[in-house]
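Chemist: Below is the sequence, then the predicted model.
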Amino acid sequence: MSSAALATSASRESRWTDGSMDGVVRRRYRAERRFRYIGFAAVALSALFLAFLLVTMAWRGLSGFTATEAAVTIDFPRSDLLLDPAALRGPQSQEAIARAQFEGVLSQAAAQQFGAGAEELFGGGGLRSLGRQLVDDPDLLSKRATLWLPVASRVDVAAKGEGTADNERLVEMLEQRDSLRRALNLNFLTASDATDATAAGVWGALKGSFLTIVVTMILAFPIGVLAALYLEEFAPRNRWTDAIEVSINNLAAVPSIIFGLLGLAVFLNVMHLPRSAPLVGGLTLALMTMPVIVIAGRNAITSVPPSIRDAALGVGASKMQVVFHHVLPLALPGILTGTIIGMARALGETAPLLMIGMRAFIATPPGGIADPATALPVQIFLWSDEVDRGFVEKTSAAIIVLLIFMLMMNGLAIYMRNRFERRW
Amino acid sequence: MKEKIPLTPVTPVPMPSTAIAAEAARDAEEIMGSDMPDDREPTALPPRIEIADDGDDPGPDPANSTPKMSAREVSVFYSDKQALKDVSVDIRDDRVTAFIGPSGCGKSTFLRCLNRMNDTIPTARATGRIELDGTDINSSGMDVVQLRARVGMVFQKPNPFPKSIFENVAYGPRIHGLSNSKAELDAIVENSLKRAGLWDEVKDRLAESGTALSGGQQQRLCIARAIAVDPEVILMDEPCSALDPIATAKIEELIHELRGRYAIAIVTHNMQQAARVSQRTAFFHLGELVEYGKTSEIFTNPKEKRTQDYITGRYG
Amino acid sequence: MTLTFALAAIIFVAAAAFWVARQRAAALRAHGRLHSLPVYHGLHAALWAAVPALILLAAWAPVQTRLVDSVVMATPEGQALPADAMQRSTILQEAREIGSGQREVGFYPESATLAPHFGAAEARYSIIGGLLAISLALLGAVLAVRRTATAFRARTAVERWMMGLLTAASLIAILTTLGILLSLMFESLRFFSMVPPADFLFGTHWSPQTAIRADQAGSSGAFGSIPLFWGTVFIGAIIAMIVAIPLGLMSAIFLTQYAHQRVRAWMKPLLEILAGVPTVVYGYFAALTVAPMVRDLGIAIGITNSSSESALAAGLVMGIMIIPFVSSMADDSIAAVPQAMRDGSLAMGATTSETIRKVILPAALPGVVGGILLAVSRAIGETMIVVMAAGLAANLTANPFASVTTVTTQIVQLLTGDQEFDSAKTLAAFALGLVLFIITLVLNLIALTFVRRYREAYE
């Protein structure tokens, strides 16, 4: 401000113009900047946590999709393996493989080639892989063949640099002979739980999760939508309605383990439904998910403008027709978004499933909703408890699989919200 | 009556006020060009502002004095839409200046430019020059916090904070650090409430919530809150539109009393109100300033046909 | 098998009723204007055919169980069962499972002899139930089809059915709440008949593993739950909140008040993803990555007994999990503060941070407090993180590097492994669950009241 302007100004001199407030204002701006930096730091720190979590899991888990394989030469005709190639071609091949005594043949061959101490080079994964290769090509039985087979878990761990001294020595020796390689282990996606880490996979758990979620979906979605429609469109304002509303809002915030206790007490001990079954898991998770769907549904239904209802009522539609012909279709994208988020939550839920016994060792994938099963999050929990170091990477790999499903579902929900969000 | 200002519930401000001030100053420089003189001579006023004496008027604007605030060729854009076109108006110290016009004519937008409240709307962009005591309010020498302390504002809908009556009035002095003791603060609050004509009604219940008052009382509380910072200009954005006639009369009375101490600019859609409270009137239409002059002349003898049509109620 | 057949038959009858009634209604069109469209006549008949029959079928299951039990008990083998109620019910359960093919062999030899009786009785009564249901379906279908007439208000009738369906769906919520309360209370009462409630609620010593037999549990006083609740509060309400409240709140403030629109558009979904990560993942992260880091930190600053299952590790990770929850609740509350408040403060020359701290936050406080209470309720009910990262030792300590245990950890611990359902040990889990439910219920109700009042204030 120029002094000329001040001289001609008719206005009074104030504390704002004589510079006496400048110090205070500077101090206030410093506080403003500080506050803003704190806010930014909070967001950055939260994002950093997420990045750290995801990176740690990915880094640990990616090696779970690979397996260490060793080359072993087996002279099948001379081995004491009693296996008829004809049996392998028939429909009874799986039984024939199961009856065959692979352990002895393998440890003998390993000891022969790699010296004493290598007898237990191959574990369950190796046996399974050998069986599969023989079924694929029964002619192998009539010749001497070199096969790549996944090594036992403790050797695998040693090859990844975390094993015991004698296993490390074994790995070193194998590497010198060029008999060790890393291979993609898609077996992890197609196998079920096993006692040997190299043979373990997530397929059984994935199937259990899928069956459970289907049961949850079939129960929770219609009930949730109907309840939301009732509460928004038909419910009279009275004490019953209030009780229902309070129940729903509270159930959405009740700890999930409580639903597990409910499932245990009611579905297992009173109704005698089969233990460890996706049916019971689905029922329990449906009770847990239903309030989430109701709340999302009500929000979607309220956002449908009343003018649409008036228009339909105006041409003589009944209240029920208004709701099912107009309100529900318009609210459906919002309801579906809420449902997907609820389903994603149910998919990641562990505690209630532990309560109803879906924590058994399940080596064969469940065939139906009444068969004993486990779910992917529970499988992660079970593996995290294993002593065998080989399960560490399996756990992280299973987490990657679970996170991919969660990301897909959440991403779909966010996409739908942005795509179908309607501004009235 | 609604201005076309996109009022989202919470508008994120992209940067702190200092940065805004600096950037706004840069913008202003770019737009105005560096050859723009810092101080405009008062003789640069557009010639159409002619003033004659009348009873309520303190007299013609002295030709050699700087107006309290002067706006020159102010334009405002919301995104790509231009809301205000080259508006030039003066606000003088001891007068009440009324801005009238139909909805969406830009009068509230213009008012919000005067203490840079448009900065809070991310899509809003203003060009032109507004001076307070000869200083460009968008220049780096003018700080937005100090500007708003000097140019107070009262809004269309009374917006007391959800705090006690006392805390509402004490808020400004506290954040600006205007008092050194409790006694001083008490005195400021009492004086402000007295000047706003609310003291007698609330002196026994200063601890009650400001939101518990009636609409008219709430609006006077907001005026008291603005006065407490000891501003030089008070901007009022349709202060009576949400009030009943009796509360409106009280506010109008208050505006009369405040005149002389503060320069006052008031936006109103009520022409009678403009005639009652103001000495100068500016008529806006479709973002343009159509006519600006003595209130008595605008209402009795408008120069522009559009003004005539609006005043006689042909549209608006 | 019988059940599947009965279901198929009912569906067939309903479909037939739908078709017949619709055809009849359509034919009536020649005789005058119908009140309702033919399709409503069809639906009306189908509903009358299917719904009562399905309800009967569902209600038949528990009746059948009881009938079968009494039949089996009346057989000579049933009479010979041991008198002890617990043992007898276990044998019956085994026999039922063998009879229905869920199980190959039982532990008790008696169950093998009872199993054929179970199989036979189950088969007989399920055929009876199935036939009853099918006849009810036929009856309903015939009665409903006969009502088809021009003046018959089929649409109104169908809508009444729909209304019943809607009401029933909404009642499920209340039934669930009641189911939780009743089942928890029922098992808790059995627990409290073995262990005095005062010992449970105010005892400071928890070691359920020492109670081998039910009659020892009460006298040993090993069910004092104070250390469990302290551990729960310490991890969930103190450590986790120290992490989550400042970070969540400041994130919400930054994203709503300062961040550029584009930053906000990216960061919000990112935080939502943080909320969508399953708790078992957080638990594994806590146990595998954070816990060793915390232990090393403890040792580095001279806490020699710092545990690898420390309260701090579990609490930290739980806090991270809660951040997006706090942030989205705070976001909603801040967004609900009217713009006029903000403008009022800014117009007086307040800086943005002054406006936030002195006007927006106080105005949003009820909503924020409600959100934080919900977050606490969620943290103390969280299971997997503490099961995987917190310890099992019931310590009453305020040392964050020491191991504490929580209510949810103990529930999981008590109910997994061998399941002798009537011991004090397993019943204690339900008592813990009941207290946990009541605490979270109270927290939720207070929080929801806060949030609702707050919303009403600005609407």
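Modeler: In hand now; what should we look at?
Chemist: Tell me who's in contact with residue 275.
Modeler: Using chain A. Contacts for A:Arg275 (CB atoms under 8 Å, 6 or more residues apart in numbering or on different chains) come out as A:Leu268, A:Ile356, A:Gly357, A:Pro372. From N, CA and C alone the C-beta is placed, and that goes for glycine too.
Chemist: meant chain B, my bad for not saying
Modeler: By CB under 8 Å, 6+ apart, the contact list for B:Ala275 reads B:Thr295, B:Phe299.
Chemist: which stretch of helix or strand covers it?
Modeler: Applying DSSP states H and E as the criterion places B:Ala275 in helix B:271-277.
Chemist: With just CA atoms, put that helix into CSV.
Modeler: What follows is helix B:271-277, C-alpha atoms only, in CSV (Å, rounded to 0.1, in the frame of the first residue of the first chain):
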residue,chain,number,x,y,z
MET,B,271,-36.9,-3.4,-3.4
GLN,B,272,-38.7,-1.7,-0.6
GLN,B,273,-36.0,-2.8,1.7
ALA,B,274,-33.3,-1.4,-0.6
ALA,B,275,-35.3,1.9,-0.7
ARG,B,276,-35.6,2.0,3.1
VAL,B,277,-32.1,1.2,4.2
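Chemist: from the chain's centre, how far out does it sit?
Modeler: Remark: helix B:271-277 is offset 16 Å from the chain centroid, using CA atoms, centre = their mean, to the nearest Å.
Chemist: any chance of the contacts of A:Arg275 in TSV, plus pLDDT, secondary structure and distance to chain B?
Modeler: Formatted as TSV, the entries for these read as follows, by pLDDT from 0 to 100; DSSP: H, G, I helix; E, B strand; the rest coil; distance: CB to the nearest CB, whole Å:
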residue	pLDDT	secondary structure	distance to chain B
A:Leu268	85	helix	48
A:Ile356	88	coil	44
A:Gly357	83	coil	48
A:Pro372	84	coil	52
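Chemist: What is the nearest of the residues you listed to B:Leu213?
Modeler: A:Ile356 (58.2 Å; CB to CB).
Chemist: contacting residues around the residue nearest to that closest one when sequence neighbours are not counted?
Modeler: Distances taken as CB to CB, 6 or more residues apart in numbering or on different chains put A:Gly263 closest to A:Ile356, at 4.6 Å, once the chain neighbours are dropped. Neighbour list for A:Gly263: A:Val280, A:Gly281, A:Leu283, A:Thr284, A:Leu287, A:Pro352, A:Met355, A:Ile356 [criterion: CB under 8 Å, 6+ apart].
Chemist: Most neighbours among these, which one?
Modeler: Neighbour counts for the contacts of A:Gly263 (other CB atoms under 10 Å in any protein chain shown) peak at A:Gly281, which has 33 neighbours.
Chemist: Check whether that one really touches A:Ala351, as I assumed.
Modeler: No. Using CB atoms under 8 Å as the test, A:Gly281 is too far from A:Ala351 to be in contact (11.7 Å).
Chemist: picking that back up, among the contacts of A:Gly263, which ones are in helices?
Modeler: Those of the contacts of A:Gly263 mapping onto helices are A:Val280, A:Gly281, A:Leu283, A:Thr284, A:Leu287, A:Pro352, A:Met355, per DSSP state H.
Chemist: quick one, phi/psi of whichever residue of the stretch 51-200 of chain B sits closest to chain A?
Modeler: Using CB to the nearest CB, B:Gly134 is the residue of the stretch 51-200 of chain B that sits closest to chain A, at 3.1 Å. Per-residue torsions, B:Gly134: phi 90, psi 0 (degrees, to the nearest 10).
Chemist: now do the one 5 residues further on
Modeler: Summarising the backbone geometry of B:Ser139 under the convention degrees, to the nearest 10, its torsions are phi -80, psi 170.
Chemist: neighbours of it, just the number please.
Modeler: B:Ser139 has 19 nearby residues by other CB under 10 Å.
Chemist: How about A:Asp80?
Modeler: Residues lying near A:Asp80 (other CB under 10 Å) number 8.
Chemist: What of the one 5 residues further on?
Modeler: Here the count is done by other CB under 10 Å, and A:Pro85 has 15 residues near it.
Chemist: Excluding sequence neighbours, find me the nearest residue to it.
Modeler: Using CB to CB, 6+ apart and skipping the chain neighbours, the partner closest in space to A:Pro85 is A:Pro138 (4.1 Å).
Chemist: how near is the one you found to A:Leu127?
Modeler: Separation of A:Pro138 from A:Leu127 (CB to CB, to the nearest Å) stands at 17 Å.
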